[in-house]
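Asker: coords please:
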Amino acid sequence: MGLLSKLLGGQKNEKAAVDFLKGLVNEVKEKAADELSPDRREERSMPENEGNADAVSGDSWGDVMPPEENQYSFNGSYVEYFDKVFREEFPSYRIEHAPAPKGRRATIFTFYNAQGKALVVELMSENSVARKLRQECAAENIPYLRFYYDHQGWWNTRSYVVRRTLAALRG
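Answerer: Numbering: from 1, shown residues only. Here you go, the predicted structure:
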């Protein structure tokens with residue numbers, strides 16, 4: 001157990017602290033670069049969150065954590081969160097997950113039905129430029145989704161994850 005882990009009371013807390021710090025760094029980068037797309041700028045100008053006049057939030061993004069269950073309010077890792085949501089919301093599918101090959105920091109969930117692969121979901125860092133899995137899925141005509149686990153202000157609320165997953169499964 002490392003010093004940081006001992007100070008924070010375990011590896012789970014250490015991971016949360018590291019993820020928090022990475023989020024802060026990403027937020028600074030994002031604000032410094034100010035390379036928001038026109039669509040994203042429009043989202044940020046939407047009506048403000050109730051209860052905090054300075055906070056701007058949307059369905060699953062914004063400056064304030066939404067009250068809805070999300071990957072950051074969940075008591076576990078982001079992989080555990082997505083696994084729980086997928087299994088609870090899509091019980092008719094066999095769902096498997098594994099780390100991405102070649103040491104990439106990503107996790108791949110694969111949904112199966114009676115006909116075979118029904119959907120591939122990749123959880124990855126916003127800094128990743130990996131496209132291989134998405135291209136393979138397109139070539140095999142298998143729906144593909146990507147969720148970023150470390151994009152500052154993107155909460156991956158349960159309803160957002162379910163809605164996108166359901167849309168991908170319906171084709």
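Asker: residue 76: how many residues sit nearby?
Answerer: Residues near residue 76, counting by other C-beta atoms under 10 Å, number 11. Where you see a C-beta, it was placed from the backbone N, CA and C, and this is true even at glycine.
Asker: the helices in the chain, which residues?
Answerer: Here the chain has its helices, by DSSP state H, at 3-8, 11-33, 38-44, 78-89, 132-139, 158-170.
Asker: lowest-confidence stretch among these?
Answerer: Comparing mean pLDDT across these, the lowest value falls on helix 38-44: a mean of 33.
Asker: okay, now stretch 85-104: how far is its last residue from its first?
Answerer: Taking C-alpha to C-alpha, to the nearest Å, stretch 85-104 runs 23 Å from one end to the other.
Asker: start and end of stretch 142-153, how far apart?
Answerer: Stretch 142-153 stretches 29 Å from its first residue to its last (C-alpha to C-alpha).
Asker: list the buried residues of it.
Answerer: Neighbour-count burial for stretch 142-153, counted by 16 or more other C-beta atoms under 10 Å, picks out 142-153.
Asker: that stretch - what's its average pLDDT?
Answerer: On average, stretch 142-153 scores 94.
Asker: name the residues that touch that stretch?
Answerer: With contacts defined as C-beta atoms under 8 Å, 6 or more residues apart in numbering, stretch 142-153 is touched by 19, 22-24, 26-27, 30, 61-63, 71, 78, 82, 117-127, 133-134, 137-138, 154, 156, 161, 164-165, 168-169, 171.
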